[in-house]
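A.B. asks: Just to be clear, the model below is a prediction. Sequence and coordinates:
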Amino acid sequence: MRSQRHIMFVLVASVGLIPLLTGCADHRALNDTELQALQSKSALTIERFKRSEKSMDHYFKDSVGYAVFPTVAKGGLIVGGAHGIGLVYEPGGKVIGTASISEGTIGPQIGGQVFSEILFFQDDPTFDHFKEGNIEMRASGSAVAAGSGSSATARYAQGMAVFVLGEEGLMLAASIGGQGFDYVPLETVAANAKAKEEAARAKEKARKAREAETAAEAPAKESAEESAEK
């Protein structure tokens with residue numbers, strides 16, 4: 001029984017750590033401040049990749065689009081799930097939307113990984129499939145480790161080239177098998193953020209109205225109690 005409780009604790013702790021590392025913001029409804037912060041992180045991530053691999057420049061120039069995920073957290077020990085949010089770009093560096101990575105792999109993993117990831121798209125059909133949510137990495141998929149010198153000889157596979165740049169961890173290679181993606185155009189993100197803000201204002205207004213109603217009723221309630229005591 002004790003060992004079962006220990007396993008359950010590790011399971012919950014591993015899952016709970018992922019949102020803390022990647023941030024809890026909903027990529028589908030980022031406000032202006034959150035979006036600007038993500039743009040800054042993405043720009044720094046792109047610079048890190050370029051510094052680590054000089055030969056990666058041609059991917060940024062020749063691809064039809066790319067997705068940048070500054071922080072992807074992959075749980076270790078028992079849970080191998082991963083999560084991260086990022087930005088999607090057209091050629092020339094124009095941001096066109098946000099995206100999330102999700103992976104729910106359960107398996108005998110040891111340790112954990114936190115890394116950055118960039119997906120490059122070779123052609124429009126593949127890019128369109130990504131934006132439609134119709135791309136999922138094969139279970140055995142793995143990414144090219146930026147900084148290893150492999151980008152010079154790396155090739156597109158199924159219309160994509162995937163690179164990671166990570167921190168040290170007990171997992172030595174970044175497995176991307178089972179990754180799924182959710183893309184949202186910037187216009188939709190803005191509309192969702194506005195609706196979220198309006199809902200929050202309405203909720204706050206209703207809360208204040210309830211407080212005012214309670215405060216208004218208080219004197220009458222006290223008077224009634226005093227009368228009852230007499």
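C.D. replies: Structure's in. What do you need?

A.B. asks: Does E103 touch G178 like I think?
C.D. replies: Yes. Applying Cβ atoms under 8 Å as the test, E103 and G178 come out as touching, 4.8 Å apart. Every residue, glycine included, has its C-beta placed from N, CA and C.

A.B. asks: shared neighbours of those two, which are they?
C.D. replies: Overlap of the contact sets of E103 and G178 (by Cβ atoms under 8 Å, 6 or more residues apart in numbering) is empty.

A.B. asks: and F127, which of the three is it?
C.D. replies: Look at F127: counting by DSSP: H, G, I helix; E, B strand; the rest coil, its state is helix.

A.B. asks: for it, what are its contacts?
C.D. replies: 64-65, 121.

A.B. asks: Write the ChimeraX selection for whichever of those are buried.
C.D. replies: Command for ChimeraX that selects the buried part of the contacts of F127, burial taken from 16 or more other Cβ atoms under 10 Å:
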select :64,65,121
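
A.B. asks: Which one of the contacts of F127 is nearest to A200?
C.D. replies: Using Cβ to Cβ, G65 is the member of the contacts of F127 that lies nearest A200, at 32.9 Å.

A.B. asks: need the contact list for the closest one.
C.D. replies: With Cβ under 8 Å, 6+ apart as the criterion, the residues that contact G65 are 88-91, 96, 120-121, 127, 130.

A.B. asks: how does it look with 10 Å?
C.D. replies: 88-91, 94, 96-97, 119-124, 126-128, 130-131 (Cβ atoms under 10 Å, 6 or more residues apart in numbering).
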